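Just need the structure, nothing else, for what follows:
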Amino acid sequence: MLKQWAKKETRTYEEEAQDESLAAKIAEETYDQFYAVAKKGLSKAERSEAFGEIKDALLATFTEEELEEKQELIGRYIKDSQKKAVRDLTLNEGLRLDGRKTTDIRPIWCEVDYLPSTHGSSIFTRGETQALATVTLGTSREANVIDLPTEQGEETFYLHYNFPPFSTGEARPLRGTSRREVGHGNLAQRALKKVMPADCPYTVRVVSEVLESNGSSSMATVCAGTMSLMDAGVQISNPVSGIAMGLISEGDKYAVLSDILGDEDHLGDMDFKVTGTENGITACQMDIKIKGLSYAILEEALEQAKAGRLHILKHLTDTIATPNADVKAHAPKMVKITIPNKFIGAVIGPSGKVIQEMQKETGTTIVIEEEGDFGVIEILGVDQEKIDAVIQKIDNITFTPEVGNVYEVTVIKILEFGAVVEFVPGNEILLHISEISWDRIDKVTDEVNVGDTFEVKYFGIDPKTRKPKVSRKALMPRPERKDRPEKNK
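From the prediction side, this is the model:
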């Protein structure tokens with residue numbers, strides 16, 4: 001009884017249908033033709049058309065009954081024959097579908113400021129893969145909010161990768177962002193995040209639009225993203241380039257491929273994406289279709305990837321060597337200032353009145369965050385003069401006179417018992433009639449009037465009145481006792 005219960009039940013399944021004679025027939029009739037087409041070094045469209053003609057010619061040799069009965073097997077064996085021909089070409093002759101050798105990189109063309117109205121842009125083309133990247137600069141309000149079960153926070157740098165159907169010659173509706181797009185975007189974001197400046201005042205969003213794809217569009221995104229950031233004036237520490245490496249192996253024979261095509265990704269054994277600067281790797285990702293890689297293959301792939309990355313990097317730096325010193329004239333400029341947190345309320349004003357008026361008058365965006373004992377103010381605007389005007393208004397609000405110092409003030413209002421004077425616009429204090437002059441004054445206007453400017457000394461809080469005190473007469477020569485007016489004569 002115990003033996004019966006210990007016995008493991010084995011499941012049975014129906015094995016995949018096979019027809020060895022059919023496979024041999026298809027290989028015999030198509031292998032040489034596929035090999036010949038692969039060796040011509042045609043473009044993607046020309047190659048697909050030539051392969052399609054071979055397939056159509058073979059299908060024409062079968063009867064309708066045979067096609068109906070063995071259509072699935074025929075299609076599978078045609079693919080097997082094509083795959084073997086392409087792989088054998090590389091292993092035997094070191095040639096690839098587009099005529100390159102294993103270490104060759106496709107022709108590269110790139111340009112910055114491709115879309116002049118954006119904050120930063122670039123286009124990168126490598127062979128039949130093309131990516132257009134744009135940069136948008138914003139305030140901390142535009143930070144990407146992360147709300148995951150394992151992570152909460154904000155990202156001030158993020159990248160979105162779009163792969164529309166037309167990039168591969170397809171006509172189908174967009175159904176939202178795919179997992180593939182999310183994964184490729186995350187890889188490119190990790191690659192570029194390593195070189196972002198820690199003190200960048202902006203929230204930076206990069207968007208990559210893949211306009212054409214024949215392999216390695218995520219690496220084209222990294223290259224285009226690097227140039228667009230430099231074009232936008234983001235002070236990245238080093239430019240980053242990326243390359244996708246492939247592998248074709250058969251027993252002890254193998255070939256490591258640089259800058260793989262889409263077909264080489266599909267028919268090969270590895271897709272190894274490597275990004276980095278001239279100093280080292282910033283991100284990598286590997287997909288393999290075999291059980292594992294030897295250390296020798298991995299070492300060769302990394303060395304070959306380094307040579308390819310540096311080759312691509314030179315094209316990027318030839319296009320734009322260093323980040324632009326400033327953001328573009330039409331791009332927003334960001335200035336950060338800090339104030340003591342006791343002034344945050346005054347800058348905001350009742351119901352936000354003060355800050356809203358400043359934004360309306362200057363056309364800027366003002367963001368205030370409290371950090372410890374200080375308020376951090378971000379001012380975002382296109383016109384530097386208007387940004388400076390906001391800074392001046394905030395300086396006026398937060399102006400605090402120091403005891404014992406002398407300040408030039410302007411009279412803005414006359415009262416019976418004194419004059420209201422202004423240190424800076426919006427920061428005023430009462431100059432009492434008794435502090436205007438050493439002489440007895442019956443009317444304030446006998447000595448000062450609205451618009452007059454003169455110097456006063458600040459004494460801090462008067463212990464008698466418990467109000468701030470300034471004096472004009474303290475800066476005047478004190479008359480001798482005999483010159484003083486007699487009291488109650």
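
low-confidence ranges in the chain?
1-8, 481-489 (pLDDT under 70).

got the residue ranges for the helices in it?
2-6, 20-39, 44-59, 64-93, 179-193, 217-231, 262-267, 295-319, 344-348, 353-362, 384-397 (DSSP state H).

if we compare those, which one ends up closest to residue 277?
The closest of the helices of the chain to residue 277 is helix 295-319. By C-beta to C-beta, the value is 7.6 Å. C-betas here are computed from N, CA, C, even on glycine.

Nearest residue to residue 389 in space, please, no chain neighbours.
The shortest distance from residue 389 to any non-neighbouring residue, by C-beta to C-beta, 6 or more residues apart in numbering, is to residue 362 (5.5 Å).

quick one on the thing from earlier: return the most buried member of the helices of the chain.
Of those, the one with the most neighbours on average (mean count of other C-beta atoms under 10 Å) is helix 217-231, at a mean of 30.

what's the angle between that helix and helix 295-319?
Orientation of helix 217-231 against helix 295-319 (axes from the mean of the first three to the mean of the last three C-alpha atoms, to 10 degrees) gives an angle of 40 degrees.

Helix 217-231: how far from the chain's middle?
Relative to its parent chain, helix 217-231 has a centroid offset of 10 Å by C-alpha atoms, centre = their mean, to the nearest Å.

For that helix, C-alpha coordinates in PDB please.
In PDB, the C-alpha atoms belonging to helix 217-231 read as follows (Å, rounded to 0.1, in the frame of the first residue of the first chain):
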ATOM      1  CA  SER A 217      15.400  50.600 -31.400                       C
ATOM      2  CA  SER A 218      15.900  50.900 -27.600                       C
ATOM      3  CA  MET A 219      19.600  51.500 -28.100                       C
ATOM      4  CA  ALA A 220      18.700  54.200 -30.800                       C
ATOM      5  CA  THR A 221      16.500  55.700 -28.100                       C
ATOM      6  CA  VAL A 222      19.500  56.000 -25.700                       C
ATOM      7  CA  CYS A 223      21.600  57.700 -28.400                       C
ATOM      8  CA  ALA A 224      18.900  60.100 -29.400                       C
ATOM      9  CA  GLY A 225      18.100  60.800 -25.800                       C
ATOM     10  CA  THR A 226      21.700  61.700 -25.000                       C
ATOM     11  CA  MET A 227      21.900  64.200 -27.800                       C
ATOM     12  CA  SER A 228      18.500  65.700 -27.000                       C
ATOM     13  CA  LEU A 229      19.500  66.200 -23.400                       C
ATOM     14  CA  MET A 230      22.700  68.000 -24.400                       C
ATOM     15  CA  ASP A 231      20.700  70.100 -26.900                       C
END
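
give me every residue that touches residue 340.
For residue 340, the contacting residues are 373, 374, 375, 398, by C-beta atoms under 8 Å, 6 or more residues apart in numbering.

And the nearest residue to the last one once chain neighbours are set aside, how close does it get to residue 354?
Closest residue to residue 398 in three dimensions, ignoring its sequence neighbours and counting by C-beta to C-beta, 6+ apart: residue 343, at 4.5 Å. Per C-beta to C-beta, to the nearest Å, residue 343 is found 11 Å from residue 354.
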